[in-house]
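> kindly return the folded structure for what I paste below:
(2 chains)
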Amino acid sequence: MDKIDELLTRGVANIIPGKAELAKVLRSGKKLNVYLGIDPTATHIHLGHAVPLRKLQQFVELGHHVTFLIGDFTALVGDTSDKTSERPRLSKLQIEENFKTYKQQAEKILDFSRVTVRYNSEWLKKLGATNFIDLAYHFSLNDFISRELIKKRLESGGSVKLPEVLYPLLQGYDSLNLDTDVQVGGTDQTFNMQAGRTLLKDVKNKESFVITNGFLTGTDGRKMSKSWGDAIWLDDSPNDMYGKVMSIKDELIPEYFLLATKLPISNFQSLISNSSPMQAKKQLAHQIVLELHSQPAADAAQAHFESTVQAGELPTEVPEISVKSKNIVDVLVESGLASSKSEAKRLIDQKGVRVDNKAVSTMNYELSTSNSIVSVGSRKFIKIK
RNA sequence: GCCAGGAUGGUGGAGCGGUCAAUCACACCAGACUGUAAAUCUGGCGCCUUACGGCUACGUAGGUUCGAAUCCUACUCCUGGCACCA
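Numbers count the residues shown, from 1 in each chain, chains lettered A, B, ... in the order given. This next block holds a predicted model:
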């Protein structure tokens, strides 16, 4: 399996119009214009978001011309499928701030020095009503209302706002302006990306491709999502990240190797079949931390996991804190181990609090010696100075 | 503008005058168990109090009542429908 094969298969849900066609173009050696669009309201990236970024990076490595498109204009219109939150109108400054934050995380995966960053307001701002109507002639309402989501809402008497219908049009115009050969995105973007194909074909008589990637399963077994609290974030600390990976179900190990690391497929296949789930998962967690942080961080996170979680020992580095109080309840609150006195008492009640590894059984407990280690549960430790 | 429906804890969503700090589910926390921070089971999950109990909360502001998340009025914001547009 060479790089092109890997690009065509790894984490890929669908290729439109087809894999064979794209393979042919890739093999021809032609440099392609590839792009991924993002919504500038998003600033925090998790491993699921990272899947299309990895795909983009594969294109970069093959020497294609990759554009990272920031949907600053379309953000104003809003992809209204998400109806719960009112979309704030972002100022140019905010958008740039957001992107800065985004980039800090994204560059762990995507090499921005070999990527062109652009904003779609560049051309959308200039698009007048006349041109806009012209664009609209390339589409029919039938296509839009046959979409599953839209159809359901219409059938149940819900309303579909016009901008929702117009949104794909703008996205298609992006493709046209970037003279796109390949668009990358999640399967949820299939329809919007198709609009680009339509325009390119109609206007420029150009055949283009769409690659959609699958979704990564979150730590709770559902799709990894910001709102479900089951995400592993690119900026999670090494220990957190390692731990979160260790908490996934064993069955997900191959999926994670495939979608969340860049380890060659053959490498991890043999690894999985030759080791116990526990070992394989530790390898996986190590690899993920290594890629997103560093080798030493990954080693340290693994050591931390082995000693703290597996052997139940104290972590090597315990944050030190000085507190005014001696009483255990106050200490817990002051150190932040508990958010309120009520919670602190609850924790003590439930035998969740230990001082120097001995469970605290009374609220009146006073810390006697300095340098005591206070712990809550099995993973929160603090050393009291 | 008119009509109808709605706004409850981190989320979804009950409750429709007292027994509501608010059913339930999810998320979260602790305990047990485990190769694991998985699964499963147990307990917990506003704040203050060792406890008895107290306090603040159900969009905002008032009112009715011995008593309101529950009834009334106004306002704000959402969601539909209808109308109007020189």
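> so where is chain A shaky, pLDDT-wise?
Applying pLDDT under 70 to chain A picks out residues A:1, A:41-43, A:75-91, A:148-161, A:163, A:219-222, A:225-230, A:312, A:314-316.
> how's it carved up into domains?
A:3-213, A:238-310, A:320-384 (automatic domain parsing).
> please enumerate the helices of the stretch 51-200 of chain A.
Assigned by DSSP state H, counting those that start in this stretch, the helices in the stretch 51-200 of chain A fall at A:74-77, A:92-106, A:121-124, A:129-136, A:141-145, A:148-155, A:162-177, A:190-204.
> and these: which comes nearest A:G11?
helix A:190-204 (15.2 Å; CB to CB). C-beta here means a position set from N, CA and C on the backbone, and glycine is covered the same way.
> quick revisit: out of the helices of the stretch 51-200 of chain A, the one nearest RNA strand B is which?
When these are compared by CB to the nearest atom of the strand, helix A:148-155 sits nearest RNA strand B, at 8.8 Å.
> one step back: now the domains of chain A as TSV including distance to RNA strand B?
Formatted as TSV, the domains of chain A follow (distance: least, CB to the nearest atom of the strand, whole Å):
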stretch	distance to RNA strand B
domain A:3-213	3
domain A:238-310	2
domain A:320-384	2
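> in a markdown table: those domains, plus mean neighbour count and distance to A:M224.
Converted to a markdown table, the domains of chain A look like this (neighbours: other CB atoms under 10 Å; distance: least, CB to CB, whole Å):
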| stretch | mean neighbour count | distance to A:M224 |
| --- | --- | --- |
| domain A:3-213 | 17 | 4 |
| domain A:238-310 | 17 | 10 |
| domain A:320-384 | 15 | 22 |
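> just tell me which of these ends up closest to A:A231.
domain A:3-213 (3.8 Å).
> among the helices of the stretch 51-200 of chain A, which is nearest A:V309?
The nearest among the helices of the stretch 51-200 of chain A, by CB to CB, is helix A:92-106 at 25.9 Å.
> now the closest one: how far from the chain's centre is it?
Centre-to-centre, helix A:92-106 and its host chain are 15 Å apart (CA atoms, centre = their mean, to the nearest Å).
> and that helix, C-alpha only, in CSV?
Coordinates of each C-alpha in helix A:92-106 appear next as CSV, following Å, rounded to 0.1, in the frame of the first residue of the first chain:
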residue,chain,number,x,y,z
LYS,A,92,-13.0,40.4,11.7
LEU,A,93,-10.8,40.6,14.8
GLN,A,94,-12.7,37.8,16.5
ILE,A,95,-12.4,35.6,13.5
GLU,A,96,-8.7,36.1,13.4
GLU,A,97,-8.4,35.5,17.2
ASN,A,98,-10.4,32.3,16.7
PHE,A,99,-8.3,31.2,13.9
LYS,A,100,-5.1,31.8,15.9
THR,A,101,-6.5,29.5,18.6
TYR,A,102,-7.6,27.0,16.1
LYS,A,103,-4.3,27.0,14.3
GLN,A,104,-2.3,26.4,17.5
GLN,A,105,-4.1,23.1,17.8
ALA,A,106,-4.5,22.2,14.1
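> go ahead and confirm A:L62 touches A:R27.
No: contact criterion CB atoms under 8 Å: A:L62 and A:R27 do not qualify, at 10.9 Å.
> overlap in contacts of the two?
Common neighbours of A:L62 and A:R27, counting by CB atoms under 8 Å, 6 or more residues apart in numbering, are A:I4.
> please enumerate the strands of the stretch 151-300 of chain A.
A:182-186, A:209-213 (DSSP state E, counting those that start in this stretch).
> for A:G11, find the nearest of these.
The nearest among these, by CB to CB, is strand A:209-213 at 5.0 Å.
> ok, A:S237 to RNA strand B distance?
According to CB to the nearest atom of the strand, to the nearest Å, A:S237 stands 10 Å off from RNA strand B.
> which residues are in contact with that residue?
A:S237 neighbours (CB under 8 Å, 6+ apart): none.
> kindly recompute the last result at 10 Å.
A:S237 makes contact with A:243, A:289, A:293, A:297, A:301 under the criterion CB atoms under 10 Å, 6 or more residues apart in numbering.
> so how far is A:D299 from it?
According to CB to CB, to the nearest Å, A:S237 stands 15 Å off from A:D299.
> next: A:L8.
For A:L8, the distance to A:D299 - CB to CB - is 34 Å.
> now swap in A:F257 and tell me
Distance from A:F257 to A:D299, by CB to CB: 19 Å.
> repeat for A:K103
27 Å.
> wait, what's in contact with A:S368?
Shown in contact with A:S368 (CB under 10 Å, 6+ apart): A:326, A:355.
> give me the three-state assignment for it.
coil (DSSP: H, G, I helix; E, B strand; the rest coil).
> what do you get for the one 10 residues further on?
Using three-state DSSP as the criterion, the local structure at A:S378 reads coil.
> likewise for the one 3 residues further on?
For A:F381, the secondary-structure state derived from three-state DSSP is strand.
> hang on, it packs against A:H304?
No: if you go by CB atoms under 10 Å, A:F381 and A:H304 don't touch, sitting 11.1 Å apart.
> my understanding was that A:Y173 contacts A:L124; is that so?
Yes: the criterion here is CB under 10 Å, and A:Y173 meets it with A:L124 at 6.7 Å.
> any common contacting residues for those two?
What both A:Y173 and A:L124 touch, as defined by CB under 10 Å, 6+ apart, is the set A:73-74, A:132.
> as a markdown table, the residues you listed with distance to A:A231 would be great.
A markdown table is the format used below for the shared contacts of A:Y173 and A:L124 (distance: CB to CB, whole Å):
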| residue | distance to A:A231 |
| --- | --- |
| A:F73 | 28 |
| A:T74 | 24 |
| A:F132 | 37 |
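> excluding residues flanking it in the chain, which one is nearest A:L56?
A:L36 (5.2 Å; CB to CB, 6 or more residues apart in numbering).
> wasn't the one you found part of a strand?
Yes: counting by three-state DSSP, A:L36 is found in a strand.
> which ones are touching it?
A:52-53, A:55-56, A:59, A:66-69, A:110, A:115, A:182-186, A:189, A:211.
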